[in-house]
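Asks: Structure for this input, please:
(chains A and B)
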Amino acid sequence: SQQGEEDPQALSIQEGENATMNCSYKTSINNLQWYRQNSGRGLVHLILIRSNEREKHSGRLRVTLDTSKKSSSLLITASRAADTASYFCATGAGNMLTFGGGTRLMVKP
Amino acid sequence: DTAVSQTPKYLVTQMGNDKSIKCEQNLGHDTMYWYKQDSKKFLKIMFSYNNKELIINETVPNRFSPKSPDKAHLNLHINSLELGDSAVYFCASSQDWGGGNEQFFGPGTRLTVL
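Replies: From the prediction side, this is the model:
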């Protein structure tokens, strides 16, 4: 099974609302990364949080990491239609990055 | 300037054929990767090369053979294509190897095997 699993698998919200996506993983990690994939495109790196960090911000993005629960969340505040995409968490351990199955976010104008 | 580029973008071919996908990065990175994304959007690592040396080979059938002529290029050759090979293949690169690095992805190659 995938190391990282996102929840929910799909999320539909109105523009201006906040979107929260969760990621759970099974084994110890060095870091956790979030990526965005627009339809028909490659993945784009959003943010990296190290295992000794608890929270990180980047613009409208807020990522939390709870290593005791082996989980992370990505919060997108004040969402826009352009945020419509799939969001993937990826866990870094050893020399590999392992991706989850993604959350498909739709932001309706 | 395209950071990670792949060709072709689309590839439609018959079962049993042999095909190649090319990847180039102009970021000066040491490490390159091939990923396969299936119809359910799961992204799985296939290979990783660091400075032209293979460092990850994730139980991929030996019909798949990566080749890295230099650290800016990582090509993927697939022999005897099967229906199950239909997927989107992504090339990526990172500054060096290790799970702690941001990866930069190409636009993907959508392979359809008929």
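Asks: and residue 11, what element?
Replies: Chain wasn't specified; assuming chain A. strand A:10-14 (DSSP states H and E).
Asks: that answer is for a different chain, and I need it for chain B
Replies: strand B:10-13.
Asks: which residues touch residue 11?
Replies: Using chain A. Going by C-beta atoms under 8 Å, 6 or more residues apart in numbering or on different chains, A:Leu11 touches A:Ala19, A:Met21, A:Thr103, A:Arg104, A:Leu105, A:Met106. All C-beta spots, glycine's among them, are computed from the backbone N, C-alpha and C.
Asks: right idea, wrong chain: chain B
Replies: Counting by C-beta under 8 Å, 6+ apart, B:Leu11 has contacts B:Lys19, B:Ile21, B:Thr109, B:Arg110, B:Leu111, B:Thr112.
Asks: Spell out which parts of chain A neighbour chain B.
Replies: Contact residues (C-beta under 8 Å from any C-beta of the partner chain) of chain A with chain B: A:2, A:29-31, A:33, A:35, A:40-45, A:48, A:50, A:86, A:88, A:91-99, A:101-102, A:104.
Asks: Show me where chain B has its helices.
Replies: In chain B, no helices are defined using DSSP state H.
Asks: Low-confidence ranges, it, go.
Replies: Counting by pLDDT under 70, the ranges of chain B that qualify are B:1, B:99.
Asks: where does it come near chain A, residue by residue?
Replies: So far as C-beta under 8 Å from any C-beta goes, chain B lies against chain A at B:4, B:35, B:40-45, B:48, B:55-56, B:90, B:92, B:97-108.
Asks: Quick one, which of these are buried?
Replies: Taking 16 or more other C-beta atoms under 10 Å in any protein chain shown as the criterion, what is buried in the residues of chain B next to chain A is B:4, B:35, B:41-45, B:48, B:56, B:90, B:92, B:97-108.
Asks: Could you tell me which residues make contact with the residue nearest the centre of chain B?
Replies: Nearest residue to the geometric centre of chain B (C-alpha atoms, centre = their mean): B:Trp34, 2.9 Å. Listed by C-beta under 8 Å, 6+ apart, the contact partners of B:Trp34 are B:Cys23, B:Ile45, B:Met46, B:Phe47, B:Ser48, B:Pro66, B:Leu74, B:Leu76, B:Tyr89, B:Phe90, B:Cys91, B:Ala92.
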